[in-house]
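1. Just a sequence and a predicted model for now, questions to come.
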Amino acid sequence: MFISPLFGRLAAAISLVGIIGLAGVLSLRTLGAADHLDPPLRTDPNADTNPDKAADIADIYLFQTANDLIMAVTFGGPQATTLPASYDPDLVYTLQVSNDGDPLTTEFPIQIRFGLDASGNAGVRVTGLPGGVTIEGPVETDLSANGITVRAGLFDDPFFFDSQGFRETRSSGNLAFNNQRDFFGSQNITAVVVEIPLDQVRDGNKLIDLWSEAFRFGVQI
Amino acid sequence: MRSVGIALAAAALLSSCSGGGNDSSPPPPPPPPPAATGFDVNPCLTQFVLPGRTVAIEVVPDTLTLDLSRPALFPNGRALTDPVIDLTLAFLFLDLQQHPIDTLARIPLGPASNDRPFRPAFPYLAAPQGNPPLDGGAGQNFQFRTDPLSDYVTVDRTGMPALATALIPGPDRNEYNDDTVTDDLSAGANGEFKWVPALRGSLRALTTALADDFQRAGLTMCARRG
């Protein structure tokens, strides 16, 4: 275990000035975001004249509370706070869950689809949940069945990173990184959150693997 | 929480580096470029980030992995509050036997936290900002496509945050996204997992570019000069 308590032995050994200088250099040269705008040839407007924004998965999350496993996938953003959520009926998003420590097997191939009713209201259907459960209902609503809870909706983008500084520094050649600036701040994103009781999803203490995919009906746009 | 003291120091440094203010002295000459070759990054891929879990295991296949017997703190799963970029940079570049994995996150390099607090209970994510148009949470008898996945094409795939962006060469991104876990774990050249050579090559190039910066900061890299 290499995680040490805050202000561990390195705190005194490392030059703070040197570290702060490193902050800009490292970030501007290496990383843009989590998975936003990737793959660029399909989702990045700077590389694709018709990017598939709705299918662009931004981030996934996987954590547990005392009683539940929580998974979330964000997509179609970040975007301005004036824009609506993205509920494209021609897309399938997956949350692929392997609970036996072997990611070659998928025990819970969860699929997420969106649709409309006759009045144009958006709904979500989540299949492949433990116990063969399917949850369906309106977006922007907590939907529950068999102890499992799902919500699809528009949220604050939970990712935080100064990719604006990354881009500005790359284009200008002047160091512009600032750890007080969050490009994803004040922006929203569509997400689906799934909460499952641990006793429905765990296989003892075997490792749980999660990955997510976005599929478009027919062909790439 | 963000550190005000560090923020002020960083702001001062950024100002001087951006050429602002009244300092008219010429900028210092750039440091000599590091050697173009010679870094062995295999020690980075084989170092442990968690008991029994090396960097290579975390990266290949492209999944998030959670050990339920341990707290969920990236790279053990990924909680909403985790500073994943700073943690990723640490386990890709630093010698974790010399530096804790949270070395860079304690500075921090990037923003330390989200701009909105997360909710303590479901749905955990913060409410949307501003006043965007929201569906009313109403409706019934929704019509969904029921076509099998074989009628769809892959657009995107995501597991570990940032890795594809940082380490998979641009021309390979579509193929990387179209691959499955089985593809990730298939044997490529030299019997290694398919994407390991590409990951190693990108990591070596980044290590070469950043070596002088790490040295100036007094940090020990996981890569070794050959």
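-> Received it, and whenever you're ready, just let me know what you need.
2. ok but B:Ala209 is inside a helix, no?
-> Yes. Counting by DSSP: H, G, I helix; E, B strand; the rest coil, B:Ala209 is found in a helix.
3. helices or strands up against the longest strand along chain B?
-> Counting by DSSP state E, the longest strand found in chain B is strand B:152-158. If you count contacts as 3 or more Cβ pairs under 8 Å, 6 or more residues apart in numbering or on different chains; DSSP states H and E, strand B:152-158 packs onto helix A:40-43, strand A:57-64, strand A:208-217, helix B:173-178. Glycine gets a C-beta too; all of them are placed from N, C-alpha and C.
4. strand partners of the longest one, parallel vs antiparallel please.
-> Based on DSSP bridges, the pairing partners of strand A:208-217 within the sheet are strand A:91-98 (antiparallel), strand B:64-66 (antiparallel), strand B:152-158 (antiparallel).
5. Return the distance of the shortest one from the chain's centre.
-> Here the centre of mass of C-alpha atoms in strand B:64-66, compared against the chain's by Cα atoms, centre = their mean, to the nearest Å, lies 14 Å away.
6. Next: the last one.
-> Between the centre of strand B:152-158 and the centre of its host chain there is 21 Å, according to Cα atoms, centre = their mean.
7. as a whole number, average confidence for that strand?
-> For strand B:152-158, the mean pLDDT works out to 94.
8. what helices or strands is the helix or strand just after it leaning on?
-> Next along the chain after strand B:152-158, taking DSSP states H and E as the criterion, comes helix B:163-167. Here helix B:163-167 touches helix B:84-93, helix B:173-178, helix B:196-216, going by 3+ Cβ pairs under 8 Å, 6+ apart.
9. Leaving out chain neighbours, which residue sits closest to B:Tyr152?
-> Counting by Cβ to Cβ, 6 or more residues apart in numbering or on different chains, B:Tyr152 lies nearest to A:Phe215, which is 3.6 Å off, once chain neighbours are set aside.
10. Just confirm that neighbour contacts A:Asp88, I think it does.
-> No. Using Cβ atoms under 8 Å, A:Phe215 is not in contact with A:Asp88; the gap is 11.0 Å.
11. want to throw the helices and strands packed on helix B:163-167 into JSON lines with mean neighbour count and mean pLDDT?
-> Formatted as JSON lines, these follow (neighbours: other Cβ atoms under 10 Å in any protein chain shown; pLDDT from 0 to 100):
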{"stretch": "helix B:84-93", "mean neighbour count": "26", "mean pLDDT": "91"}
{"stretch": "helix B:173-178", "mean neighbour count": "18", "mean pLDDT": "88"}
{"stretch": "helix B:196-216", "mean neighbour count": "18", "mean pLDDT": "86"}
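12. which residues does the closest residue to B:Val196 other than its chain neighbours contact?
-> Leaving aside its sequence neighbours, B:Val196 sits nearest to B:Val60 (Cβ to Cβ, 6+ apart; 6.4 Å). The contact partners of B:Val60, by Cβ atoms under 8 Å, 6 or more residues apart in numbering or on different chains, come to B:184-185, B:193, B:195-196, B:199.
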